[in-house]
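> when you get a sec, could you give me coordinates for this:
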Amino acid sequence: MTNSLPVCPALFCCSLAEHNQHLEAIAWLELFDQHRRFSLRKWSKAVPRGPCELDPDISAPPPVTSAKSPVAVCVEAAPRNYKLLREKQKKFKYDGDALRVVHAAASDSAKPGDTISFPDAPPGEERAGLSHNEHWKLVKVPLETVDTLVQRLRLPRVDAMLVDTEGADPAILAGSKQTLRMVRYLLFEVHRDIKGSHWSRQTLLSVVEMLDTLGFDCYWAGKSGSVASVTQCYEARFETIKWSNVACVKRGDVWWKVLEQRDPSHVVACTAQLYEHLCNFLYRHQFLYAWHLIRSEAAEAENAPGEGPFRELLRNVLTELANSKRNVWQSLQQQVSLVLMTLDFQYPALTEESFMHILHLTPPRARL
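Numbers count the residues shown, from 1 in each chain. Purely as a prediction, here's the structure:
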């Protein structure tokens, strides 16, 4: 894989419930197909869409010299959705190698010949899924993992992978680890408001950490192309978000550079937060190392260092910490400066022992 716009991107769509992924597939094909054979506007009028609007006006594809065409594989579990997609595919003559529609449900594990019960919901019914099956008759559909499908279809590469399964996304990603090693762009849905779904048993953090080991940076996908980092600026409150989409890109890829620039204000805040943690860690150890040297020299001279050197060293390290953050974390710099100005007055009881306790290095001495 090269860090440039793909010449012939391979797209993998996994949709256990009809949503907008078939529209996304056509949009990607229209964007990158040099022969302009695909029309999102025409397709969206013929096939039911979900609640999420998708702009039907696709810009002209980037110029390339290759004669190869993009390829999209869409996996659909709902029987009537699959039938509808195949009918429209043939009607618009999209039934060549460029667009493949596979009838299967995807999960984290599957053996050859496995099947699973899936609701036979009406076409376009987005609520139907492995966790939404009480309203419709259940039928057996083939069960696959993304990895086994990619192997069976002999796909040499997968540039982009879109997952929207109404709650089963963590399982699909767990069954895609080999494929994800070559994926450059990943989009999946967080649906924590569905009872009994995989999201009710698995945290966003665990999914993002797994993707991080595969080289992905993940972002909340906002409206109008805005993003906010999840990987670099994870917060516990993210686990309470009921429904949203997460976009992930391989670090260093050209698409990664684009997403990093989509929300400059968040990037600055996130960088400042990371810088704060880094500085606190470095200066904490700088203080401990310097104080250890002072103690060692005093011990060799058989003399106690006293509180004077301790306070002087602490003042110097805090001053250096404040100066390093002056242009990045102004409020914190002001707080540190306030401590410096009032160190001798506001904290007269601050001693080596009490400060080491603040740093969680020594247990507090029991009071008599």
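
> now do the buried residues in stretch 165-182.
Neighbour-count burial for stretch 165-182, counted by 16 or more other Cβ atoms under 10 Å, picks out 165-177, 179-180, 182. C-beta: built from backbone N, CA, C; applies to glycine.

> mind listing residues that contact stretch 186-201?
Contact partners of stretch 186-201, identified using Cβ atoms under 8 Å, 6 or more residues apart in numbering, comprise 24, 129-132, 160-173, 180, 204, 207, 211, 216, 221, 239-249.

> filter those to the buried ones?
If we count by 16+ other Cβ under 10 Å, these have these buried: 24, 129-132, 160-173, 180, 204, 207, 211, 216, 221, 245-249.

> sort out for me which of those are in helices.
Among the buried ones among the contacts of stretch 186-201, the ones falling in helices (DSSP state H) are 24, 169-173, 180, 204, 207, 211.

> would a markdown table of those with distance to residue 314 and pLDDT be doable?
Below are these laid out as a markdown table (distance: Cβ to Cβ, whole Å; pLDDT from 0 to 100):
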| residue | distance to residue 314 | pLDDT |
| --- | --- | --- |
| 24 | 56 | 82 |
| 169 | 49 | 94 |
| 170 | 47 | 95 |
| 171 | 52 | 94 |
| 172 | 52 | 94 |
| 173 | 47 | 97 |
| 180 | 47 | 97 |
| 204 | 39 | 95 |
| 207 | 42 | 96 |
| 211 | 41 | 96 |
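
> identify the farthest-apart pair in those.
24 and 204 (21.7 Å; Cβ to Cβ).

> do a quick rundown of the helices in the stretch 151-300 of the chain.
169-174, 177-180, 204-213, 254-260, 264-300 (DSSP state H, counting those that start in this stretch).

> what's the closest of those helices to residue 145?
helix 169-174 (7.9 Å).

> show me what the closest one is packed up against.
Other elements packing on helix 169-174 under the criterion 3 or more Cβ pairs under 8 Å, 6 or more residues apart in numbering; DSSP states H and E are strand 160-163, strand 185-191, helix 204-213.

> of these, which approaches residue 305 most closely?
Nearest of the helices and strands packed on helix 169-174 (Cβ to Cβ): helix 204-213, 43.6 Å.

> buried ones in the closest one?
Neighbour-count burial for helix 204-213 [16+ other Cβ under 10 Å]: 204, 207-208, 211-212.

> residue 81: which of those is nearest?
Distances from residue 81 to those, taken by Cβ to Cβ, are shortest for residue 207, at 25.6 Å.

> name the nearest residue to the closest one, sequence neighbours excluded.
Among residues not flanking residue 207 along the chain, residue 170 sits closest, at 5.5 Å (Cβ to Cβ, 6 or more residues apart in numbering).

> try residue 80
residue 123 is the one closest to residue 80 (Cβ to Cβ, 6+ apart), at 4.8 Å.

> where's the one you found relative to residue 143, distance?
Look at residue 123 and residue 143: by Cβ to Cβ, to the nearest Å, they are 22 Å apart.

> more neighbours, those two?
Neighbour totals were compared for residue 123 and residue 143, and residue 143 leads with 21 against 16 (other Cβ atoms under 10 Å).

> give me phi/psi at that one?
Dihedral angles phi and psi of residue 143 (degrees, to the nearest 10) take the values phi -110, psi 130.

> tabulate the buried residues of helix 204-213 (JSON lines), appending distance to residue 282.
Listed next are those as JSON lines, based on distance: Cβ to Cβ, whole Å:
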{"residue": "204", "distance to residue 282": "29"}
{"residue": "207", "distance to residue 282": "31"}
{"residue": "208", "distance to residue 282": "26"}
{"residue": "211", "distance to residue 282": "28"}
{"residue": "212", "distance to residue 282": "23"}
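
> reformat the helices and strands packed on helix 169-174 as JSON lines; add distance to residue 149.
Shown next, in JSON lines, are the helices and strands packed on helix 169-174 (distance: least, Cβ to Cβ, whole Å):
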{"stretch": "strand 160-163", "distance to residue 149": "11"}
{"stretch": "strand 185-191", "distance to residue 149": "16"}
{"stretch": "helix 204-213", "distance to residue 149": "19"}
